[in-house]
Each structure stands twice: as C-alpha cells, then as structure tokens.
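Peer 1: all I have is the shape, not the residue letters:
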C-alpha cells in the first residue's frame with residue numbers, strides 16, 4: 001500500500017453467524033453499490049443493513 005505500486009482493498013464482513021448464502025448476498029450488494037475503483041485502496045465493512053467505506057488514498 002505504501003509503495004503505491006498496487007491498490008489493495010480490504011472487505012470486512014460483520015454479519016454475525018451468517019450462512020454462506022447470506023455472505024454471498026452481502027458481497028453482491030457491495031458489488032452493486034461500489035465501483036471497482038471505490039473498492040480498491042479502501043477498507044469496506046459490510047454489516048447486515050449498511051456498508052461503510054474508508055478510503056486509503058493518501059491525502
């Protein structure tokens with residue numbers, strides 16, 4: 001990340017005791033609401049009823 005050579009992103013699933021199908025639905029929801037560019041260089045937290053995105057872009 002610090003070298004700027006790649007654009008890593010992190011997705012955190014905070015869904016409790018979710019089934020595999022629920023995790024897949026959460027990831028589909030992420031892909032429908034964020035672009036690839038928004039996912040890169042971001043930390044994204046997926047919770048049952050919301051998504052939070054924090055950019056890792058240098059200021």
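Peer 2: Thanks, I have it. Worth saying up front: this structure is predicted, and the values here are computed from it rather than measured. Numbers count the residues shown, from 1 in each chain.

Peer 1: name the helix or strand of this structure that has the lowest mean pLDDT.
Peer 2: Within the chain, confidence by mean pLDDT, DSSP states H and E is lowest for helix 36-39 among all helices and strands, at a mean of 87.

Peer 1: show me which positions of the helix or strand that comes right after that helix end up buried.
Peer 2: Elements were assigned by DSSP states H and E; along the chain past helix 36-39, the next helix or strand is strand 42-47. If you call a residue buried by 16 or more other Cβ atoms under 10 Å, then strand 42-47 has these buried ones: 42, 44, 46. C-betas here are computed from N, CA, C, even on glycine.

Peer 1: average pLDDT for strand 42-47?
Peer 2: Strand 42-47 comes out with an average pLDDT of 94.

Peer 1: which strands and helices sit next to the longest helix seen in the chain?
Peer 2: In the chain, taking DSSP state H as the definition, the longest helix is helix 20-33. In terms of contacts (3 or more Cβ pairs under 8 Å, 6 or more residues apart in numbering; DSSP states H and E), helix 20-33 is packed against strand 10-13, strand 42-47, strand 50-55.

Peer 1: reformat the ones you listed as CSV; add distance to residue 26.
Peer 2: Below are the helices and strands packed on helix 20-33 laid out as CSV (distance: least, Cβ to Cβ, whole Å):
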stretch, distance to residue 26
strand 10-13, 6
strand 42-47, 5
strand 50-55, 9
